[in-house]
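**Q** here's a sequence, model it:
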Amino acid sequence: MRILARLIVALRFLIVPAWIVAAVWASLSLPSIFGSEASELGSLLPSDSKAIEVEEGAIETFGLPVLSRTMVVAHEPGNFSIEQGKAAARFIGKVDGAPDYEAKLRAVPLLDAPGLLESRRLDSTLVVYLYVDPALAESFQTEAVDDFAAELQKTTGAQTVHVTGAVPASQAETHIANDDLLWVTVVTILLVVAILAFYFRSVGIPLLGLGTVAIAYQVTDHVLGWASERYSISIPREVDPVIVALLFGVLTDYLVFFVADYRRHLQNGLGSRDAVREVTTELLPVILTAALMITGATLTLLLSGVRFLSAFGPGMAVAVIVGAAVALTFIPAMLAIFGRLLLWPSCPNPETGEAQPQERGPRGHVVGFAAHHPAIVAIACLALLLAAASGLRKLELGNPIISGLPSSTDARQGYDVAGETLGPGVVGPTMLVLEEPGIGERQQQLASLQLALGRHRGVSGVIGPTMEAAASRPYGVLVSKNGDAARYVLVLGADPDGAEGTQILSSLEEDMPEMLEENGLASAQVGMTGDTSIAAELNSDTWSAFERVAPAALLVLLVLLWVLLRNRAAPLYLVGVSVLTVAAALGLTVYVFQDLLGYGELAFFVPIATAILLLALGADYNVFLISRIWNEAERQDLRPAIRTAGSRAARSITVAGMILALSFAAVALIPIEAFRELAFAMFVGLLIDTLLARTLLIPALVSLFGRD
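**A** Now for the predicted structure:
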């Protein structure tokens with residue numbers, strides 16, 4: 001490590017321009033991942049989805065879909081007149097019956113009145129499911145849907161018309177995230193500059209921090225863009241703000257560690273370049289190990305089996321690898337070139353020697369108390385962590401892709417209107433398919449089942465074969481033309497992508513065999529599909545993914561800690577504390593968002609992404625803290641060493657942890673529920689890790705278990 005540190009210092013005049021040139025070249029020559037279009041909605045779908053299989057089979061059997069991820073909601077508060085209804089029917093029929101329609105679009109109405117494709121009257125709301133040719137570019141699809149909505153409003157005179165559904169919601173989420181990502185970046189920059197300037201009382205260090213992050217950001221952005229284009233990797237847009245927060249936080253952490261130690265060596269009388277060599281020698285193994293921990297932990301998401309999560313991991317891993325490479329070369333090279341100038345106007349005076357007021361201050365007293373009364377401190381800290389973690393008992397997962405949008409968006413407004421008049425499930429209805437030779441002729445049994453479905457808890461509406469049978473001519477929409485299949489469209493009384501919706505669906509699936517038997521259809525083959533079925537599969541796959549990913553991530557952290565610390569007990573209790581910190585952060589997130597704010601569930605990816613990030617970042621601080629304590633313990637007894645090293649390290653860790661926590665807190669500026677849940681969980685988790693775990697609990701456990 002000393003040889004490598006000397007090499008970095010010797011090549012300082014090559015390293016700095018090399019990174020600048022690399023960032024400029026990447027910006028000009030490689031595609032950007034942050035500026036690309038949204039990843040397709042298919043990235044959210046389970047890889048072996050039974051629901052998708054049922055939906056595709058129904059389209060083949062019936063020749064016409066009844067489920068859609070794009071819909072138009074027209075609303076007339078005083079109810080539509082008969083003339084308005086006829087005008088709507090003529091317009092929809094014209095669009096749906098024109099094979100050369102410019103948008104290659106099909107339209108199927110769902111009416112809140114008897115009948116599926118025909119109705120004697122409309123009430124207050126008309127929902128039209130749209131099917132757009134997927135071969136069209138996203139911009140053309142959006143234009144086609146918007147044109148349809150505008151023409152429908154013009155034709156019917158409806159007071160409001162909104163475009164909603166999973167696809168428009170996903171597009172809206174991407175646009176909001178991209179638009180607000182600039183504000184997240186700006187606020188994070190201001191926070192980082194302010195904290196660094198206050199802590200180091202210098203002008204140069206904040207500028208060095210911004211330059212370091214700018215280089216890493218540009219390289220990461222364009223390396224990911226190149227990889228996405230070259231290898232057809234779909235990077236979810238939800239990872240963009242996380243990467244920004246991660247880069248700012250991690251790189252600023254490493255900068256704080258470098259500069260704090262550099263300043264300490266200057267105070268001890270070393271020359272500038274000698275101080276850079278010493279601090280680089282000390283921090284190379286620490287930062288390399290920490291970066292490997294974060295990279296290894298995030299890459300375990302590849303084992304998840306969920307495409308969305310599998311794409312989440314590599315994006316963060318690349319960001320950390322690039323960030324560590326920049327931190328380990330660019331920062332020491334800049335310190336070696338500019339030296340004390342970067343610390344101006346607060347330059348250390350070597351004649352005064354090393355000042356250690358933190359050992360006699362509040363921080364030193366706190367760490368010292370933990371070291372000398374370890375059992376009391378450990379029990380108190382564990383009690384607090386377990387109390388916070390108790391919220392996990394009520395954790396519910398969902399994918400509120402529409403209801404999680406701001407109320408000002410068109411997709412959310414359409415969802416609210418449809419939910420108030422027809423039930424929230426209308427924007428993502430569930431389809432029940434029954435298959436059996438001749439089942440279409442068993443009208444009495446099908447009608448009886450339709451009544452039973454309508455009475456089931458949580459089902460607010462049912463469209464079934466009896467409606468088609470009552471029409472003047474059969475359409476083959478709800479009963480197949482060969483009569484061997486029938487289907488029902490169920491409107492649930494809850495968000496189709498939320499936890500309550502999946503609970504209703506689970507209850508329905510559980511009761512289905514008995515309902516079929518009671519209504520004389522026990523021999524029929526049953527299939528269920530729709531957004532709620534997909535959300536249920538996604539939740540189930542996420543829990544299964546967590547069972548695979550968590551042990552793998554813990555194993556990676558344990559192995560790397562054992563290699564670095566060469567201690568049997570320390571890796572176990574360090575990782576154990578990180579696990580408790582994760583549990584406490586998620587428990588508090590449940591209490592705030594599910595109980596206090598009434599969200600009903602957390603976005604499905606928030607717990608697993610939070611867990612992996614907090615485990616990895618907690619290990620980062622573990623390495624820094626324990627390595628300092630071990631080094632100090634070579635010069636004095638363990639408990640005084642804990643107080644000395646712990647109080648010194650705690651100051652840097654507190655500053656670094658606050659910067660990292662605030663970097664993730666800035667993600668909450670994006671007004672989407674999932675981002676705010678992730679931001680809160682990370683913010684609270686990092687505060688717990690910084691102020692409780694590293695300041696009190698870890699020193700107490702080190703004192704209890706000793707060094708061997």
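
**Q** need the strands for the stretch 601-708 of the chain, in chain order.
**A** 602-603 (DSSP state E, counting those that start in this stretch).

**Q** what are the phi and psi angles of residue 569?
**A** Dihedral pair for residue 569: phi -80, psi -40, per degrees, to the nearest 10.

**Q** next, the contact list for residue 169, please.
**A** 401, 402, 405, 409, 411, 412, 415 (CB atoms under 8 Å, 6 or more residues apart in numbering). In short, each C-beta sits where N, CA and C put it, glycine included.

**Q** check which helix or strand it maps to.
**A** Assigned by DSSP states H and E, residue 169 belongs to helix 166-200.

**Q** return the set of buried residues in that helix.
**A** 166-174, 176-178, 180-181, 184-185, 187-189, 191-193, 195-197, 199-200 (16 or more other CB atoms under 10 Å).

**Q** what residues does the host helix or strand of residue 54 touch?
**A** Using DSSP H and E, residue 54 sits within helix 50-62. The contact list for helix 50-62, computed with CB under 8 Å, 6+ apart, reads 45-46, 65, 67, 431, 433, 435, 476-477, 480, 484-485, 487, 527-530, 533-534, 537.

**Q** just to revisit the earlier point, so which of the contacts of residue 169 sit within strands?
**A** Among those, no member falls in strands (DSSP state E).

**Q** show me the two of those residues that sit farthest apart.
**A** 401 and 409 (11.6 Å; CB to CB).

**Q** who has more neighbours out of those two?
**A** residue 401 (31 against 21; other CB atoms under 10 Å).

**Q** for that one, which non-adjacent residue is spatially closest?
**A** Closest residue to residue 401 apart from its sequence neighbours, by CB to CB, 6 or more residues apart in numbering: residue 169 at 4.8 Å.

**Q** measure that neighbour to residue 71 for me?
**A** In this view, residue 169 and residue 71 are 11 Å apart by CB to CB, to the nearest Å.

**Q** closest to residue 82 among the contacts of residue 169?
**A** Closest to residue 82, out of all of the contacts of residue 169 and judged by CB to CB, is residue 415, at 27.6 Å.

**Q** so who does the closest one touch?
**A** Contact analysis of residue 415 by CB under 8 Å, 6+ apart lists 164, 169, 402, 403, 424, 427.

**Q** where does the nearest residue to it once chain neighbours are set aside fall, phi/psi-wise?
**A** Once flanking residues are discounted, residue 415 sits nearest to residue 402: 4.6 Å by CB to CB, 6+ apart. The phi/psi pair for residue 402 (degrees, to the nearest 10) reads phi -100, psi -50.

**Q** these two touch, right, residue 402 and residue 164?
**A** Yes - in this structure, residue 402 is within contact of residue 164 by CB atoms under 8 Å, at 6.4 Å.

**Q** identify the contacts common to the two.
**A** Contacts common to residue 402 and residue 164, judged by CB under 8 Å, 6+ apart, are 411, 412, 415, 427.

**Q** filter these down to the buried ones and hand me the ChimeraX line.
**A** Listed next is the ChimeraX selection for buried residues among the shared contacts of residue 402 and residue 164, using 16+ other CB under 10 Å:
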select :411,412,415,427
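
**Q** turn the shared contacts of residue 402 and residue 164 into CSV, including distance to residue 266 and pLDDT.
**A** Converted to CSV, the shared contacts of residue 402 and residue 164 look like this (distance: CB to CB, whole Å; pLDDT from 0 to 100):
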residue, distance to residue 266, pLDDT
411, 57, 94
412, 56, 95
415, 60, 93
427, 63, 89
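
**Q** ok, back up a step: can you name the next helix or strand after the helix holding residue 54?
**A** Next along from helix 50-62, by DSSP H and E: strand 70-75.

**Q** run the angle between that next one and helix 166-200 for me.
**A** 100 degrees (axes from the mean of the first three to the mean of the last three CA atoms, to 10 degrees).

**Q** ok so residue 489 is a strand residue?
**A** Yes - counting by DSSP: H, G, I helix; E, B strand; the rest coil, residue 489 is found in a strand.

**Q** wait, it touches residue 459, no?
**A** No - using CB under 8 Å, residue 489 is not in contact with residue 459; the gap is 10.9 Å.

**Q** list the residues that contact residue 379.
**A** So residue 379 contacts nothing (CB under 8 Å, 6+ apart).

**Q** any idea how far residue 588 is from it?
**A** Residue 379 sits 20 Å away from residue 588 when distances are taken as CB to CB.

**Q** again with residue 212
**A** From residue 212 to residue 588 the distance is 32 Å (CB to CB).

**Q** tell me the secondary structure for residue 434?
**A** strand.

**Q** report the contact partners of it.
**A** Applying CB under 8 Å, 6+ apart, one finds that residue 434 lies in contact with 446, 485, 486, 487, 516, 521, 524, 525, 526.

**Q** list the beta-bridge partners for it.
**A** residue 486, residue 526 (DSSP bridges).

**Q** give me the pLDDT for it.
**A** On pLDDT, residue 434 comes in at 95.

**Q** if we can go back for a sec, ok, of the contacts of residue 434, which one's closest to residue 369?
**A** For those, the residue nearest residue 369 by CB to CB is residue 526; the value is 64.0 Å.

**Q** my read: the closest one touches residue 516, true?
**A** Yes - counting by CB under 8 Å, residue 526 touches residue 516, with 7.0 Å between them.

**Q** quick revisit: save the contacts of residue 415 as a markdown table, and put in distance to residue 612 too.
**A** Listed next are the contacts of residue 415 as a markdown table, based on distance: CB to CB, whole Å:
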| residue | distance to residue 612 |
| --- | --- |
| 164 | 32 |
| 169 | 26 |
| 402 | 27 |
| 403 | 26 |
| 424 | 32 |
| 427 | 32 |
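
**Q** determine which two of those are furthest apart.
**A** Spanning the widest gap among the contacts of residue 415 are 169 and 424, at 13.0 Å by CB to CB.

**Q** hang on, the earlier thing: looking at the contacts of residue 434, which one is closest to residue 463?
**A** Ranked by distance to residue 463 (CB to CB), the contacts of residue 434 are led by residue 487 at 9.3 Å.

**Q** can you pull the contacts of residue 382?
**A** 580, 697.

**Q** so which helix or strand takes in it?
**A** Assigned by DSSP H and E, residue 382 falls in helix 374-389.

**Q** with just CA atoms, put that helix into CSV.
**A** Taking C-alpha atoms only, helix 374-389 is exported to CSV below (Å, rounded to 0.1, in the frame of the first residue of the first chain):
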residue,chain,number,x,y,z
PRO,A,374,-20.3,-1.3,27.8
ALA,A,375,-23.1,-3.5,29.1
ILE,A,376,-25.4,-0.7,30.1
VAL,A,377,-24.8,1.2,26.9
ALA,A,378,-25.2,-1.9,24.7
ILE,A,379,-28.5,-3.0,26.4
ALA,A,380,-29.9,0.6,26.1
CYS,A,381,-29.0,0.9,22.4
LEU,A,382,-30.3,-2.6,21.6
ALA,A,383,-33.6,-1.8,23.3
LEU,A,384,-34.0,1.4,21.3
LEU,A,385,-33.2,-0.4,18.0
LEU,A,386,-35.6,-3.2,18.7
ALA,A,387,-38.4,-0.8,19.6
ALA,A,388,-38.0,1.0,16.3
ALA,A,389,-37.8,-2.3,14.4
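
**Q** following the lowest-mean-pLDDT helix or strand in the chain, which helix or strand comes up?
**A** Among the helices and strands of the chain, helix 357-360 carries the lowest confidence by mean pLDDT, DSSP states H and E, at a mean of 50. Sequence order places helix 362-372 as the next helix or strand after helix 357-360, per DSSP H and E.

**Q** residue 31 reaches residue 223, doesn't it?
**A** No - counting by CB under 8 Å, residue 31 sits too far from residue 223 to count as a contact (10.1 Å).

**Q** now stretch 296-309: buried residues?
**A** Buried residues in stretch 296-309 (16+ other CB under 10 Å): 296-302, 304-309.

**Q** turn those into JSON lines, columns for secondary structure, distance to residue 160 and pLDDT.
**A** Conversion of those to JSON lines gives the following (DSSP: H, G, I helix; E, B strand; the rest coil; distance: CB to CB, whole Å; pLDDT from 0 to 100):
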{"residue": "296", "secondary structure": "helix", "distance to residue 160": "51", "pLDDT": "88"}
{"residue": "297", "secondary structure": "helix", "distance to residue 160": "47", "pLDDT": "86"}
{"residue": "298", "secondary structure": "helix", "distance to residue 160": "44", "pLDDT": "86"}
{"residue": "299", "secondary structure": "helix", "distance to residue 160": "47", "pLDDT": "88"}
{"residue": "300", "secondary structure": "helix", "distance to residue 160": "47", "pLDDT": "88"}
{"residue": "301", "secondary structure": "helix", "distance to residue 160": "41", "pLDDT": "85"}
{"residue": "302", "secondary structure": "helix", "distance to residue 160": "45", "pLDDT": "83"}
{"residue": "304", "secondary structure": "coil", "distance to residue 160": "41", "pLDDT": "79"}
{"residue": "305", "secondary structure": "coil", "distance to residue 160": "42", "pLDDT": "74"}
{"residue": "306", "secondary structure": "coil", "distance to residue 160": "37", "pLDDT": "74"}
{"residue": "307", "secondary structure": "helix", "distance to residue 160": "36", "pLDDT": "72"}
{"residue": "308", "secondary structure": "helix", "distance to residue 160": "33", "pLDDT": "71"}
{"residue": "309", "secondary structure": "helix", "distance to residue 160": "37", "pLDDT": "75"}
